[in-house]
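[1] Fold the stuff below for me.
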Amino acid sequence: MDRRDFMKLSGALALTGAVPARGFAASSKVKVGYLHTLAVDGQMWLAESKGLWKKYGLDMEFVQFQTGLELFQAMTGGSIDVLSTGAVVSNFPARGQGKVFLINDVEFATAQLWVHPDMGVKTFADLKGKKISTTLGTTAHVFLDTALKANKIDPSEVTLVNQRMPDAVTAFISKAVEAVALWVPFNESVKKKSPNAVKLVDASAYYPQAAIVDGWAARNDFFDSNKDVLKNIIKAWAEANDYLVASPDEALATLQKERYPNVSLPDLKDQFGAEKVFTSAEWRKKYEDGTVTGWLQQVTDFFTTFAKIPNPVPASKYFDTSLYLETIKD
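    This is a model prediction of the structure:
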């Protein structure tokens, strides 16, 4: 089966009710917040490039943010309707702020821990008493907590320095701290500006038991009153996602040219290698059998403990699989 056949087959089998734009009286305006990192916005920009949002009657306005925390604050405040982000998608919805309805990928190795051997850190044991920069409450923080505990280091035995990720990486490169927990593509700055630094571990070491997924959430009132709009987002995303899975070289070349001109194609391919992606039909099975809910819940458990969330909403309540399962078929 060649790529063209695959796309025809996936389009025929995966989508139901795939009504083209001409079936709509008018486009639905949707204000979308996002993080500009491949794991979060790859499918989104491919859908834009291939005209899929318009195909499904969506008039999307995109607003870039720097962190998932800022994204949820904006959505809760009503300035955006939906968002695409990292591990924070398991945080605010557990506080009753937003409904998760779509998953992009598993952040397989996007979260990484880098250390300075010449500052006395070569192993996990060396981290005791040392400073680690990261952005608390994000994918990098969740990963760091897992990595420390997996290596028998109590998080209280290190000093966490909470900074926005660009500042955290700058602090590491300038050797103000001995280690940094980051997410790609910030590893590229470390490799270029601190060539003696070493990656101690990445999130792939803890997959699938401690997988971190990123995805889409909608504002509560938007979710309740715009189910058809959200289904159309899923349809457009699914076509873009299946194209990315089937033809990654072609898709990544498009993304590099149109959305990541300051990132070399080899570096962008390295970033893609840090994700674990699935076809829309494969995702359906993981929605159905509870795999995704379990992944979300374990990250929610971390946030519940770390942030002391009172009466957290379980993932089985804030992650609504029904829209995806009604839209995507085997």
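[2] Can you mark which positions in the helix or strand containing Thr300 are buried?
    According to DSSP states H and E, Thr300 maps onto helix 291-306. For helix 291-306, a neighbour-count test (16 or more other CB atoms under 10 Å) marks 292-293, 295-304 as buried. Where you see a C-beta, it was placed from the backbone N, CA and C, and this is true even at glycine.
[3] Same question for stretch 165-180.
    For stretch 165-180, by 16+ other CB under 10 Å, it's 165, 168-173, 177-180.
[4] same check, this time on stretch 192-199
    194, 197.
[5] quick revisit: just name the closest of the buried residues of stretch 165-180 to Ala315, please.
    Nearest to Ala315 among those, counting by CB to CB, is Met165 at 25.2 Å.
[6] So the closest one sits against Phe186, correct?
    Yes. Because the distance of 5.7 Å satisfies CB atoms under 8 Å, Met165 is recorded as touching Phe186.
[7] Tell me where the stretch 101-250 of the chain has strands.
    Under the criterion DSSP state E, counting those that start in this stretch, strands of the stretch 101-250 of the chain are mapped to 111-115, 131-134, 159-162, 179-183, 198-202, 213-218.
[8] now for the ones you listed, which one comes closest to Asn232?
    Nearest to Asn232 among these is strand 213-218 (12.6 Å), distances taken as CB to CB.
[9] Show me what the closest one is in contact with.
    Strand 213-218 has contacts (CB atoms under 8 Å, 6 or more residues apart in numbering) with 39-40, 72, 75, 81-87, 89, 92-93, 98-107, 139, 226, 230, 233, 237, 292, 295-296, 299.
[10] how distant is that strand from the center of its chain?
    Offset of strand 213-218 from its chain centre (CA atoms, centre = their mean, to the nearest Å): 7 Å.
[11] what's the answer for stretch 247-258, then?
    19 Å.
[12] buried sites along that stretch?
    Residues of stretch 247-258 classed as buried by neighbour count (16+ other CB under 10 Å): 247, 251-252, 254-256.
[13] try stretch 43-56
    Of the residues in stretch 43-56, 43-50, 52-56 count as buried by neighbour count, 16+ other CB under 10 Å.
[14] could those residues go into CSV alongside pLDDT?
    Below are those laid out as CSV (pLDDT from 0 to 100):
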residue, pLDDT
Gln43, 98
Met44, 98
Trp45, 98
Leu46, 98
Ala47, 98
Glu48, 98
Ser49, 98
Lys50, 98
Leu52, 98
Trp53, 98
Lys54, 97
Lys55, 97
Tyr56, 97
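[15] Which of those residues fall in helices?
    43-49, 52-55 (DSSP state H).
[16] helix, strand or coil for Lys257?
    Recorded secondary structure, Lys257: helix (DSSP: H, G, I helix; E, B strand; the rest coil).
[17] pLDDT wise, what is it at?
    With respect to pLDDT, Lys257 scores 98.
[18] Any regions of this structure where pLDDT drops low?
    Along the chain, the parts satisfying pLDDT under 70 run over 1-25.
[19] can you give me the helices in the stretch 151-300 of the chain?
    Ranges of helices in the stretch 151-300 of the chain, per DSSP state H, counting those that start in this stretch, are 165-173, 186-193, 220-225, 227-246, 248-258, 265-273, 280-288, 291-306.
[20] next one: the stretch 1-150 of the chain
    So, for the stretch 1-150 of the chain - with DSSP H, counting those that start in this stretch - the helices run 3-14, 38-49, 52-55, 68-76, 139-150.
[21] closest one to Ala197 among those?
    Taking CB to CB, helix 139-150 is the member of those nearest to Ala197, at 15.6 Å.
[22] what's the angle between that closest one and strand 111-115?
    Interaxial angle, helix 139-150 versus strand 111-115 (axes from the mean of the first three to the mean of the last three CA atoms, to 10 degrees): 70 degrees.
[23] could the helices of the stretch 1-150 of the chain go into a markdown table alongside distance to Glu157?
    Output for the helices of the stretch 1-150 of the chain, formatted as a markdown table (distance: least, CB to CB, whole Å):
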| stretch | distance to Glu157 |
| --- | --- |
| helix 3-14 | 48 |
| helix 38-49 | 30 |
| helix 52-55 | 48 |
| helix 68-76 | 25 |
| helix 139-150 | 8 |
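[24] closest one to Arg219 among those helices?
    Closest to Arg219 of the helices of the stretch 1-150 of the chain, according to CB to CB: helix 68-76, at 5.1 Å.
[25] Report the inter-axis angle for that closest one versus helix 139-150.
    130 degrees.
[26] List the buried residues of helix 68-76.
    68-72, 74-76.
[27] of those residues, closest to Asp267?
    When the buried residues of helix 68-76 are compared for distance to Asp267 (CB to CB), Gly68 wins out at 22.7 Å.
[28] quick one: terminal-to-terminal distance for stretch 89-105?
    Stretch 89-105 has an end-to-end distance of 12 Å (criterion: CA to CA, to the nearest Å).
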